[in-house]
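Student: dropping a prediction and its sequence here:
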Amino acid sequence: LIIAGMPLFYMELALGQYNREGAATVWKICPLFKGTGYAVILIALYVGFYYNVIIAWSLYYLFSSFTLGELPWTRCDHPWNSPNCTDPRLINMSAFASGTTYSKYKITPAAEFYERRILHLHESHGIGDLGFPRWELLLCLLLVMIIIFFSLWKGVKTSGKVVWITATLPYVVLSVLLIRGLTLPGALDGIKAYLNIDFKRLKEATSISVLTSLNNGGFLSGFAIFSILGYVAHKSKFKIQDVVTE
């Protein structure tokens, strides 16, 4: 992070702003590094493959939340639910096998909405059995691509204006979620868990992801997320570290 990540990140911003050119053409100042520009484009392409899908999932949840009744991931009486679907409010510790945590309990309404309604994982026999594309997710992904296209189609003329929204809106939304999260019961326990740092973990190689997250504006989002996790733990009567997967 110190010797490679941050210097390269700063160089990318500095070169891009000074030359006002993209990754492929900016290296005319040093043709030897032109391959770096194409590598950046290739990495961005790979990131777009999966990240836009995640955004499409978010849109799906957004559209699904427009309902006059209860949210579709709060009950077990939907067509996609399995016979074993169990309301998490009815779960107690005796229902878990040895070594099983709440986060691994995949028959809650929320888990089944994601895995059975959105992804239809129950219809697949493994990673080699992908099945047909889900038309709802395909439309959400198409909408994401359209938004991206109109954000970039005129280059810096439009992308500069789009940045005013994309750079500020996440902080506005995080602030709203944080304020809402802090008003929920159990939020304080979540904040305590967030600030309870295990310094022994810094010896592990995976700790670099923690440093990167903190350096990437994750500190504010951490308060928002863990206040909600504290509420989930309070409602489900489980430990905070057991209510979500990695």
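Tutor: Received it, and whenever you're ready, just let me know what you need.

Student: can you mark which positions in stretch 177-190 are buried?
Tutor: Of all the residues in stretch 177-190, those buried under the rule 16 or more other Cβ atoms under 10 Å are Leu177, Leu178, Gly181, Leu182, Leu184, Gly186, Ala187, Asp189, Gly190. Bear in mind the C-beta positions are built from the backbone N, C-alpha and C, glycine included.

Student: run through the residues that contact the fifth one.
Tutor: Right, Leu184. With Cβ atoms under 8 Å, 6 or more residues apart in numbering as the criterion, the residues that contact Leu184 are Ser227, Ile228, Gly230, Tyr231, His234.

Student: hmm, 6 Å instead?
Tutor: Tyr231 (Cβ atoms under 6 Å, 6 or more residues apart in numbering).

Student: circling back: pick out the most distant pair among the buried residues of stretch 177-190.
Tutor: Using Cβ to Cβ, the two most remote members of those are Leu177 and Asp189, lying 17.3 Å apart.

Student: which among the buried residues of stretch 177-190 gets closest to Met6?
Tutor: Met6 lies nearest to Leu178 out of the buried residues of stretch 177-190, by Cβ to Cβ, at 26.6 Å.

Student: tell me how far that closest one lies from Ser58.
Tutor: If you measure Leu178 against Ser58 using Cβ to Cβ, to the nearest Å, the figure is 18 Å.

Student: mind checking the SS state of Pro79?
Tutor: Using DSSP: H, G, I helix; E, B strand; the rest coil, the secondary structure recorded for Pro79 is coil.

Student: just the pLDDT for it.
Tutor: We have a pLDDT of 91 for Pro79.

Student: give me the phi and psi angles of it.
Tutor: Pro79 adopts backbone torsions of phi -60, psi -30, taken as degrees, to the nearest 10.

Student: and the one 4 residues further on, by the same measure?
Tutor: Note on Pro83: backbone dihedrals following degrees, to the nearest 10 are phi -60, psi -20.

Student: likewise for Ile3?
Tutor: For Ile3, the backbone dihedrals (degrees, to the nearest 10) come out as phi -90, psi -20.

Student: burial count for it?
Tutor: Ile3 has 7 neighbouring residues, counting by other Cβ atoms under 10 Å.

Student: same check, this time on Tyr171
Tutor: Residues lying near Tyr171 (other Cβ under 10 Å) number 12.

Student: the residue nearest to it when sequence neighbours are not counted: neighbour count?
Tutor: Taking Cβ to Cβ, 6 or more residues apart in numbering, and ignoring the residues beside it in sequence, Tyr171 has Leu220 as its nearest neighbour in space, at 7.1 Å. By the other Cβ under 10 Å criterion, the neighbourhood of Leu220 contains 14 residues.

Student: now do Ile228
Tutor: Here the count is done by other Cβ under 10 Å, and Ile228 has 21 residues near it.

Student: after the longest helix along the chain, heading C-terminal, what element do we hit next?
Tutor: Longest helix in the chain by number of residues, with DSSP state H as the criterion: helix 34-64. Following the chain from helix 34-64 toward its C-terminal end, the next helix or strand by DSSP states H and E is helix 109-112.
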